[in-house]
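S.K.: pasting the sequence and the predicted model now:
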Amino acid sequence: MSSVGKLGAFLLTFVLLMVATVLFLGAVDALPESKKGTGTELSNNVKETTTPESPVRVVAKNIGLDVAVVNPSSTNVAVLDQALESGAVRYPTSGLLGVNGTVLLFGHSSYLPVVYHQYYKAFNAIQNLKKGEIVSVYSATQEYRYAVSGVRVANATEDVVELSTNGKHLVLVTCDSFSKKTSRFVVTADFVGTYSLAN
């Protein structure tokens, strides 16, 4: 028998043995279950939620951001200014976590080398976020991840931040200079997934 004939006989035998093995394993229910999904899941802790939740913390590891979030009920400027003394602030009429809408968080930026009150530099580096980087917003029980879709400079007195109710979005806003009403840095991000904090 030639070497081509031997190779053909070997391949035929190999294929027949593989088919017989798969048929046998299927008959005794010993085949592994197929994994459903795209293979891009980040964790087994992914959870779908439709219960609105208030944010309590915002984290962007790439820029060293990790700050508490305050949820005032009033849009009064004095109330919002007071809330900024305790961290980043969710604008009261913006969306909540877990449901369609845009969560708008704003915080101070001082850009000063030494700051007595640490919340004056809460959002110091948000303008350095890059497209695709992850910003995590936490509720008491869940982590909500958003992928940055854009960073822009907006005029503080003329620009409007859209609060879309189609889909789940995040907007971070801060001033570009300490105690001046000139421009604002605006970071937009789109919802990626929800992850349970139970594990």
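M.R.: Yep, that arrived.

S.K.: and the protein, what are its domains?
M.R.: Annotated domains of the chain cover 1-35, 57-196 [automatic domain parsing].

S.K.: buried ones in the first one?
M.R.: So that's domain 1-35. By 16 or more other CB atoms under 10 Å, domain 1-35 has no buried positions at all. Heads up, the C-betas are built off the backbone N, CA and C, glycines and all.

S.K.: so how far is that domain off the chain centroid?
M.R.: Between the centre of domain 1-35 and the centre of its chain there are 45 Å (CA atoms, centre = their mean, to the nearest Å).

S.K.: for the last one, same thing?
M.R.: Average the C-alpha atoms of domain 57-196, do the same for its chain, and the two points are 12 Å apart (CA atoms, centre = their mean).

S.K.: what mean pLDDT would you report for it?
M.R.: Mean per-residue pLDDT for domain 57-196: 86.

S.K.: check the first one too.
M.R.: The pLDDT scores in domain 1-35 average 71.

S.K.: adjust the sequence numbering to begin at 16 for everything that follows.
M.R.: Will do, 16 is the new start, and the previous item becomes domain 16-50.

S.K.: would you mind finding the longest helix in the chain?
M.R.: Longest helix of the chain, by residue count under DSSP state H: helix 18-42.

S.K.: which SS state does Val175 fall under?
M.R.: Three-state call for Val175 (DSSP: H, G, I helix; E, B strand; the rest coil): coil.

S.K.: for it, grab the count of nearby residues.
M.R.: By other CB atoms under 10 Å, the residues close to Val175 number 7.

S.K.: what of the one 3 residues further on?
M.R.: With neighbours defined by other CB under 10 Å, the count for Leu178 comes to 15.

S.K.: check Ala213 too.
M.R.: If you count neighbours by other CB under 10 Å, Ala213 ends up with 8.

S.K.: just checking, it touches Ala155?
M.R.: No - using CB atoms under 8 Å, Ala213 makes no contact with Ala155, being 11.3 Å away.

S.K.: sounds good, over and out.
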